[in-house]
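S.K.: based on what follows, work out the 3D shape:
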Amino acid sequence: MTTKSNIILTLCLCLSVLLVSCKSKVSNTTLVYLVTGNLISPVELSTVEDLKQDLAKVDIEVSVITEKEYFPKDAIVFLLGTPDSNNLIADKANNGKINVSKVIPGARGGIWSKLGNNVIVIAGSDVQGFQYAVYDYSKDVLGIDPLEYWTGKTANKISNDALFNFTPKTITPPKVPVLAYFENDVDELANYRGKLLEYDWETYTELIDALVRMRYNAIQLFDMLGRPEFYVRPEYKKLKPDYQVDIDFIDKMIDYAQLKGMKVAIDFELGYQIHPMDADKADCWKTYKADWIKAWRYYLEETPLSKTDIFILRPRHQVWDWEYKSSCGESKIDVFNEVYVEFGKLIDEYKPNAPKVLVCYSDGMEMWNEGFRPPTDWMVVWSDHGFGDFEHLPNTTDNYEFGTYMHAGYWLNHTVHNPYPNKVETVMKEMFETYNADKFCLVNGQNFRPFLLNLEAYSAVCNNPETFSGDEFYKGWTSRYFSEEAANHAIASMKYLHEAQKGRKGYVEHLWEIREAVSYLSNAPIRRPGKTPIPFDYKRVENDYDHIAIAVKNIEKALAEAEKGYQNEKSKFYHAYILLPVQLYSDLITFETTLHNMSKLKREFETSKKARFLNEAKQLLPIAKSQLENIYKRRASGDLDDKWKDWYAIKNRRQNNGFPTLDMLNAIEENLNKMTP
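M.R.: Numbering: from 1, shown residues only. The predicted structure is shown next:
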């Protein structure tokens, strides 16, 4: 008999004695051992360390040992890992004591089981299945909030006996095999306490840890690779003139994500500061084909992007996020039919069998419906319009594997979330059932923290669409954090907040509408860096009246419900996630409404030449200034929790659609004073 066989036999005998002899209940002084396998992988070990920390949070002290080491027969034992990594688990599976193998429950599946009074088995068919089994155990048995860092919800102390307070169960594999988080438009998350336009390490690692616990098993890095806005556009150059992407930090970020079991996905655009290409070369493939390929090779040979697990490419301009319009007379469909062949060859050369993903973003969907086809080993991912719905649907899937690109948060509402678990239910089930778009799901979470609810909803529907219900999800999610009464008010408030943003009218869209009103009131064009100024025009403002009235009506109801809930439960998280977003939204549209009222009066004056209309418009200026001051104060004060200080500070906000200033109101005042009957 081999030495290895002797060790396994000895351990199994010890475990059998332990199971037979330890029948009495254990006390809190009993030692707890987390027993890992001899062949434990780095990802499994990281997961075991997480379980150890989770147990410490509920006041359970443990020791981590390998299956080769001795543990007392009166101890509580967790057998952890997979049949491939832990021989004790393999032995119990082979003897029929537990039901876990590579095929049962299957890839990304796991089990909880109790053997006697002292042994708990938490195992997976594979490493990810083991992770889910552990993190589900932490959530459901230990009471650990998967989003603890972001919500502030902590677990209570439990007894040793409570460790066994569960029914053995099978964690079935998720419906969608790859659930990826898109690290996109993350300015607030990157700015609020770290270097500008760069994550601080704590924030990034807590982001990854939360995603893994929510069953996200991939992350697409984007902003942190140095998107061109950060080093080209005037707004960002003013924000951080010395911006320079930190390549060593990117390398560290990739390593951490992979250590936590996440695949790293990269969109191989050519505009990242990590290795920028002249934008003039990005709109003529036939002339600059060699430059494109050279840049891709550089990424794959000289940068941390060589560690990419999932390769992504969008059929758009390869530096700027806009439609590809050839400067040399090419058909964009013909161009990208070639591009995906050539890039696919490089992927096969450097990373054979690595997944390739075509994200049909924006006009990419129209291109697909007009005949654009990559090689058949590319997966096709269909994009929503930013708020969970689809403006275009595929006229055929043409036997390609299909997935979805969805938004939990969007640049038009990156400050205030748009909660829509009911939409998640209907839209995702339709995509699964009609188009079999269940092979991949990419979820854009913007700056993450405001969009926790939608992020978890997408995870839940991708895990098991048959059992997912938007209403039940709302109840379960809010009851995790709030009392029953406060939860009811929270749900009602969030539903009204969603209604207030119909027609893709999020926070940032209102900033644009405010610019339109300011432009008209000050008789000045809207100036945008690098673009043609937009002349002031009353019709632009007038077009916003109807939907702003609907928004005001719904936001008033949302605010009333949020305030009722906060009176019932004055927790920091209720304030941060339910009340404050509605207050911020209300502040902005109240200010916008005042500008609209001024615009109506100015228009009446221009039409009638009656001085009273002009005077009434001027009388609203002090009110507008006060409202703007309130906006700044609220955003400066931010959360009640000091951990999130400066989150909403104007200096840290994403630089899109500008932000109203006192100078704008002074310009309005100056213009109105110039006007005479």
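S.K.: which parts of the chain are strands?
M.R.: Taking DSSP state E, the strands of the chain run over residues 32-36, 62-66, 76-81, 110-115, 119-124, 169-171, 179-182, 218-221, 263-267, 310-313, 356-360, 378-383, 402-407, 441-444.
S.K.: the last one pairs with which strands?
M.R.: What it means is strand 441-444. Sheet partners assigned to strand 441-444 using DSSP bridges are listed as strand 179-182 (parallel), strand 402-407 (parallel).
S.K.: got the strands of the chain as CSV, with distance to Ser522 and mean neighbour count columns?
M.R.: For every residue, glycine as well, the C-beta is placed using N, CA and C. CSV is the format used below for the strands of the chain (distance: least, Cβ to Cβ, whole Å; neighbours: other Cβ atoms under 10 Å):
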stretch, distance to Ser522, mean neighbour count
strand 32-36, 66, 22
strand 62-66, 66, 15
strand 76-81, 66, 26
strand 110-115, 62, 21
strand 119-124, 62, 26
strand 169-171, 60, 19
strand 179-182, 38, 27
strand 218-221, 41, 24
strand 263-267, 40, 22
strand 310-313, 43, 23
strand 356-360, 40, 24
strand 378-383, 37, 23
strand 402-407, 34, 26
strand 441-444, 35, 26
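S.K.: to Leu579, which of the ones you listed lies closest?
M.R.: Leu579 lies closest to strand 402-407 among these, at 23.7 Å (Cβ to Cβ).
S.K.: the closest one: how far from the chain's middle?
M.R.: Its chain's C-alpha centre and that of strand 402-407 lie 13 Å apart, by Cα atoms, centre = their mean, to the nearest Å.
S.K.: pLDDT of that strand, averaged?
M.R.: The pLDDT scores in strand 402-407 average 98.
S.K.: could you check the angle strand 356-360 makes with it?
M.R.: Strand 402-407 runs at 60 degrees relative to strand 356-360, counting by axes from the mean of the first three to the mean of the last three Cα atoms, to 10 degrees.
S.K.: so which residues make contact with strand 402-407?
M.R.: Applying Cβ atoms under 8 Å, 6 or more residues apart in numbering, the contact partners of strand 402-407 are 176, 178, 182, 357, 359-361, 379-384, 386-388, 394, 424, 428, 431, 435-444, 446, 458.
S.K.: what residue ranges in the stretch 101-250 of the chain score low on pLDDT?
M.R.: Of all residues in the stretch 101-250 of the chain, none has pLDDT under 70.
S.K.: apply 90 and report the result again.
M.R.: 192-195, 235 (pLDDT under 90).
S.K.: adding distance to Pro581, write the strands of the chain out as TSV.
M.R.: Output for those, formatted as TSV (distance: least, Cβ to Cβ, whole Å):
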stretch	distance to Pro581
strand 32-36	40
strand 62-66	39
strand 76-81	40
strand 110-115	36
strand 119-124	37
strand 169-171	33
strand 179-182	21
strand 218-221	25
strand 263-267	29
strand 310-313	31
strand 356-360	29
strand 378-383	25
strand 402-407	17
strand 441-444	18
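S.K.: so which of the ones you listed gets nearest Asp54?
M.R.: Nearest to Asp54 among the strands of the chain is strand 62-66 (9.9 Å), distances taken as Cβ to Cβ.
S.K.: that closest one - contacts with which helices or strands?
M.R.: Secondary-structure packing of strand 62-66 (3 or more Cβ pairs under 8 Å, 6 or more residues apart in numbering; DSSP states H and E): strand 32-36, helix 42-57.
S.K.: mean confidence for the shortest one?
M.R.: Per-region confidence: strand 32-36 scores 97 on mean pLDDT.
S.K.: quick one: list the elements packing against that strand.
M.R.: Using 3+ Cβ pairs under 8 Å, 6+ apart, strand 32-36 is in contact with helix 42-57, strand 62-66, strand 76-81.
S.K.: which residues touch the longest one?
M.R.: To tie it back to what came earlier, the one meant is helix 42-57. Outside helix 42-57, the residues touching it (Cβ under 8 Å, 6+ apart) are 32, 34, 36-37, 40, 61-62, 64, 78, 80-82, 85, 122, 127, 130-131, 134-135, 137-138, 142, 144, 154-155, 209, 259-261.
S.K.: who are the packing partners of the helix ranked longest in the chain?
M.R.: In terms of residue count, the longest helix belonging to the chain (DSSP state H) is helix 580-608. Contacts defined by 3+ Cβ pairs under 8 Å, 6+ apart place helix 580-608 against helix 484-500, helix 507-522, helix 538-542, helix 545-568, helix 611-619, helix 621-637.
S.K.: CA atoms only for the shortest one, dumped as PDB, please.
M.R.: Looking back up the chat, that one is helix 538-542. Taking only C-alpha atoms (Å, rounded to 0.1, in the frame of the first residue of the first chain), the coordinates of helix 538-542 have been written out as PDB:
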ATOM      1  CA  TYR A 538     -37.100  77.500 -26.600                       C
ATOM      2  CA  LYS A 539     -38.500  74.400 -28.400                       C
ATOM      3  CA  ARG A 540     -35.700  72.300 -26.800                       C
ATOM      4  CA  VAL A 541     -36.900  73.400 -23.400                       C
ATOM      5  CA  GLU A 542     -40.600  73.100 -24.200                       C
END
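S.K.: low-confidence ranges in the stretch 251-400 of the chain?
M.R.: In the stretch 251-400 of the chain, residues with pLDDT under 90: 321.
S.K.: tell me which residues touch the most centrally placed residue in the chain, please.
M.R.: Centroid check for the chain by Cα atoms, centre = their mean gives Gly445 as the closest residue, at 2.6 Å. With contacts defined as Cβ under 8 Å, 6+ apart, Gly445 is in contact with 181-184, 408-409, 451, 454-455.
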